[in-house]
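Q: Below are the sequence and a predicted model; questions follow.
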Amino acid sequence: MSRIGNSPVTIPSGVDVSVSGSVVSVKGPKGSLDHTAPSGIRVSTGDASLILARQDDTPQQRSLHGLTRSLVNNMIIGVSEGFKKDLEIVGVGYRAKLQGSKLELALGFSHPVVVEAPEGISFEVPEPTKISVLGIDKQVVGEVAAKIRAHRPPEPYKGKGVRYVGEHVVRKAGKAGK
């Protein structure tokens with residue numbers, strides 16, 4: 001029995017949710033998102049809440065029940081509040097600069113690394129060593145942040161590179177002297 005799947009999804013004011021067949025459409029002040037529920041998962045609207053029910057108790061249906069509820073809940077949070085991932089750049093000469101909707105990174109390569117913002121994603125650079133990725137789709141925000149981090153992941157000896165804010169980098173000891 002899925003504890004996550006059985007709990008109803010509350011719909012805040014200002015968010016409009018419509019269900020047609022297996023397609024759930026969510027519209028809010030920040031935008032709109034759609035999701036197609038897998039077969040066997042029924043989505044029904046109640047009074048200011050969504051209720052998800054599964055067809056049977058097969059292992060696949062049980063796993064999809066909680067997943068679908070979490071995805072729909074993230075859609076509602078995204079269109080009402082939005083999602084944000086913060087990155088920090090550590091290293092001498094490493095910095096970020098915003099040029100229109102593009103992010104230009106100086107990460108110690110012979111050339112600048114340019115990251116284009118996909119549709120629905122925006123960047124903020126409050127300081128040259130801080131980057132914020134903003135958007136309404138949680139999966140896309142996380143994916144774009146991971147791609148930025150992958151250009152120069154933090155290395156274990158000096159800790160230089162791009163990391164998430166609050167990420168702990170395990171440091172290694174260097175060579176032992178004589």
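A: It's in. None of these values were measured; they are calculated from a predicted model.

Q: Would you mind measuring from residue 140 to residue 38?
A: 20 Å (CB to CB, to the nearest Å). C-betas here are computed from N, CA, C, even on glycine.

Q: Neighbour count for those two, which is higher?
A: The residue with more neighbours, out of residue 140 and residue 38, is residue 140; 17 against 14, by other CB atoms under 10 Å.

Q: was I right about residue 28 contacting residue 82?
A: No - shown here, residue 28 and residue 82 do not form a contact pair, counting by CB atoms under 8 Å, at 9.4 Å.

Q: So which of those two has more stuff around it?
A: Between residue 28 and residue 82, counting by other CB under 10 Å, residue 28 is the more crowded of the two (22 against 18).

Q: what's across from the more buried one in the sheet?
A: Listed by DSSP bridges, the beta-bridge partners for residue 28 are residue 31.

Q: so who does it touch?
A: Residue 28 sits next to 14-16, 76, 78-80 when contact means CB atoms under 8 Å, 6 or more residues apart in numbering.

Q: ditto for residue 40
A: With contacts defined as CB under 8 Å, 6+ apart, residue 40 is in contact with 54-56, 61, 64.

Q: Buried subset of these, written for ChimeraX?
A: A single ChimeraX command is used to select the members of those judged buried by 16 or more other CB atoms under 10 Å:
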select :54,61,64
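
Q: Return the subset of the contacts of residue 40 lying in strands.
A: Here DSSP state E is the test, and the contacts of residue 40 give residue 54 as lying in strands.
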